[in-house]
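>>> The sequence and its predicted three-dimensional model are supplied below.
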Amino acid sequence: MGMTKDHAQDWDARYSETPAPWGGTPAAAIVERLSTLDPGTAVDLGCGDGRHARLLAQEGWDVAGVDLSQEAITQAQNHDSLGSDIVYTVGDVRSWVPLYDQNVSSDGRFKNGKFDLVLAAYLHLPMASLQDVLRRSRAWLEPGGSLIYLGHASENLRHGIGGPQDSAVLPTVADLAEAATGMKIIRLEHMVRPAGHAEAVDILLHAQKWS
């Protein structure tokens, strides 16, 4: 599931064929976590068509969103009718750095590439790549800033329904704990949610950069 040019084209095609493939409703776990935080600056990694970026903006955050798919970013921009001025950019989160993104680094709200929140919702990569993205993102956090990851859990293959069927891109608690080494762990747990007539097993990490 590496982010190649062909991979970007695959996602462009998916968003073209099925706009808002995840629906417009933000994940309940993200809504709950945001309720514990004071608004500030945030970056949504793998933002897709912007459902969580728009939630952040509605809650008073200044938001940047990054996604590999040009089609997803175009849909996100078209959906942003809030006048919230979300800064969207096309980029590969495996190598993206805010200081080198002119859309972000030239925007005075983001303090030269620093954020109060890094969010990655349902971002699924080969595990070494995902852990690297999460580790690198810690350098973009302000002291006391939060890193929140929500995704399909490895355990979903055996105990849940839906999501990727490749174990190589599904994190365990140990995988996320390793990625967050050196941070203050606020929450790290499995979350079971309804999925039609069955249940899905997600995994949530909320970690904080020490002040």
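Structure's in. What do you need?
>>> Just confirm residue 208 contacts residue 188, I think it does.
No - using C-beta atoms under 8 Å, residue 208 makes no contact with residue 188, being 11.8 Å away. Yep, even glycine has a C-beta here, placed from its N, CA and C like the rest.
>>> Let's verify the residue nearest in space to the middle of the chain: helix, strand, or coil?
Closest to where the C-alpha atoms of the chain average out (C-alpha atoms, centre = their mean) is residue 120, at 1.8 Å. Assigned with DSSP: H, G, I helix; E, B strand; the rest coil, residue 120 falls in the strand class.
>>> Spatially nearest residue to it (excluding sequence neighbours)?
Nearest residue to residue 120 in three dimensions, chain neighbours excluded: residue 45, at 4.4 Å (C-beta to C-beta, 6 or more residues apart in numbering).
>>> Beyond the longest helix along the chain, next helix or strand please.
If you go by DSSP state H, the chain has its longest helix at helix 5-17. The helix or strand immediately downstream of helix 5-17 is helix 28-34, counting by DSSP states H and E.
>>> Can you give the distance of the helix or strand following that next one from its chain's centre?
Sequence order places strand 41-45 as the next helix or strand after helix 28-34, per DSSP H and E. Distance, stretch centre to chain centre, for strand 41-45: 8 Å (C-alpha atoms, centre = their mean, to the nearest Å).
>>> Neighbouring strands - and their directions - for strand 41-45?
When pairing is defined by DSSP bridges, strand 41-45 lines up against strand 62-67 (parallel), strand 115-121 (parallel).
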